[in-house]
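Participant: predicted structure and sequence below. I'll ask about it afterward.
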Amino acid sequence: MKLLSLFLCCSIASAADFDAALSLAQRTENKVFRDRVKPNWLPYGKTFWYRVQTGPGTHEFVLINATSGGRKAAPSLKALGLPEKEAVKTSAMKVELRTTTRTVESSGLKFINQLSEDVELYWINQEGEHQRYGGVRAGLEREQHTFEGHVWLITSRTGEHLAVGELDTNVDPASTMQVVAALQKVGKTFDFMPIASTGHGAAETPYGSKLITDFLVRYLKP
C-alpha cells in the first residue's frame with residue numbers, strides 16, 4: 001500500500017512538471033527581458049551591435065567594442081551613428097489595415113513564426129482598436145481561438161506591421177485585388193473572372209466549368 005501511494009505521488013509530480021515546462025514560454029512572456037544577444041558584426045570584426053528588449057514594448061540598441069570592451073546604448077541605430085537596418089518583412093506587399101466588420105462562426109487560427117524574430121499578435125476590433133493577444137517566439141507556433149470575419153494583425157516587437165489577415169471561408173476581395181495589382185505591376189498577362197454567389201467551389205459550378213474548358217481549348221490546342 002505504501003509503495004502504491006509513493007508511485008502515484010511521483011506520477012502526479014512528473015505530470016505537473018511536464019505541464020509547467022510546456023507553459024513556460026506563455027508564463028514568462030513579457031516578464032523576462034535582456035535574455036538574448038544576436039550580434040551584428042561591423043566590418044573588420046572589432047565592433048558589433050545588437051537590439052535588446054528592455055521591457056514590454058520597449059527596446060534599445062547596444063554597440064560593443066570587442067577590443068576595448070566599450071559599451072554604448074541608444075534608442076536607435078542612428079543615434080549610435082549606424083545606418084538603420086531594414087525592418088523585417090513577411091511579404092513585399094503593403095500591409096493595409098482594416099477593422100473587423102462581422103463575427104460569424106467560432107473557429108481557430110494557427111500562427112507559425114518562421115522569422116528569426118519574435119512577433120506580436122493583435123485583434124483589430126470593430127472600432128479599429130488593436131487588442132493584444134500575446135506573441136509568438138521565433139521558430140515557434142501558436143493556436144488562437146477566433147471567429148470567422150475577425151481581422152488579425154502581426155507586428156514585430158518594435159511595432160512594424162508585418163501582416164494582416166482575416167479568417168474567412170473565401171479569399172477576401174482585398175487580398176484578391178492585391179494579387180491582381182501585383183501581376184499588373186510587373187506586366188503579366190492573365191485572366192481574371194469573379195464569379196458571384198459562390199464559395200471556394202466556384203470552379204465546380206456550370207459557369208466555372210465552362211470557363212476552365214474554354215481556357216484549355218484556347219491555349220492547349222494541339
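Facilitator: Everything's here; your move.
Participant: drop to CA atoms for contacts and neighbour counts, all remaining ones
Facilitator: Fine.
Participant: touching, Arg132 and Val119? I think so.
Facilitator: No - the criterion here is CA atoms under 8 Å, and Arg132 misses it with Val119 at 11.3 Å.
Participant: which one of those two has more residues nearby?
Facilitator: Val119 (21 against 14; other CA atoms under 10 Å).
Participant: mind listing the residues bridging to that one?
Facilitator: Legend: beta-bridge partners of Val119 under DSSP bridges are Val136, Ser156.
Participant: domain assignment for this protein?
Facilitator: By the assignment in automatic domain parsing, the chain contains the domains 40-80, 86-186, 191-222.
Participant: tabulate those domains (JSON lines), appending mean pLDDT and distance to Lys31.
Facilitator: As requested, the domains of the chain are exported to JSON lines (pLDDT from 0 to 100; distance: least, CA to CA, whole Å):
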{"stretch": "domain 40-80", "mean pLDDT": "85", "distance to Lys31": "8"}
{"stretch": "domain 86-186", "mean pLDDT": "82", "distance to Lys31": "12"}
{"stretch": "domain 191-222", "mean pLDDT": "80", "distance to Lys31": "43"}
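Participant: closest one to Asp17 among those?
Facilitator: For the domains of the chain, proximity to Asp17 was assessed by CA to CA; domain 86-186 is nearest, at 20.8 Å.
Participant: coming back round to it: same list (the domains of the chain) but as TSV, adding distance to Phe33.
Facilitator: Shown next, in TSV, are the domains of the chain (distance: least, CA to CA, whole Å):
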stretch	distance to Phe33
domain 40-80	6
domain 86-186	12
domain 191-222	45
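Participant: out of those, which comes closest to Arg34?
Facilitator: So among those, domain 40-80 is nearest, using CA to CA, at 5.7 Å.
Participant: so who does the most centrally placed residue in the chain touch?
Facilitator: Using CA atoms, centre = their mean, the residue of the chain that lies closest to the mean C-alpha position is Ile154, 4.6 Å off. Going by CA atoms under 8 Å, 6 or more residues apart in numbering, Ile154 touches Val119, Glu120, Leu121, Tyr122, His161, Leu162, Ala163, Val164.
Participant: who is the fifth one paired with across the strands?
Facilitator: Here His161 sits in beta bridges with Thr155, going by DSSP bridges.
Participant: for it, the count of nearby residues, please.
Facilitator: 21.
Participant: cool, the third one as well?
Facilitator: Close neighbours of Leu121, defined as other CA under 10 Å, add up to 22.
Participant: which helices and strands does the helix or strand hosting it pack with?
Facilitator: Using DSSP states H and E, Leu121 falls within strand 119-124. If contacts are counted by 3 or more CA pairs under 8 Å, 6 or more residues apart in numbering; DSSP states H and E, strand 119-124 sits against strand 130-136, strand 151-156.
Participant: do you know which of the ones you listed lies nearest Pro75?
Facilitator: Among the helices and strands packed on strand 119-124, strand 151-156 sits nearest to Pro75 (CA to CA), with 16.2 Å.
Participant: quick one: the closest one to strand 130-136, angle?
Facilitator: Interaxial angle of strand 151-156 relative to strand 130-136 (axes from the mean of the first three to the mean of the last three CA atoms, to 10 degrees): 60 degrees.
Participant: and which of the contacts of Ile154 is nearest Arg137?
Facilitator: Val119 (6.4 Å).
Participant: dump the residue contacts of that closest one.
Facilitator: Asn113, Gly135, Val136, Arg137, Ala138, Ile154, Thr155, Ser156, Arg157.
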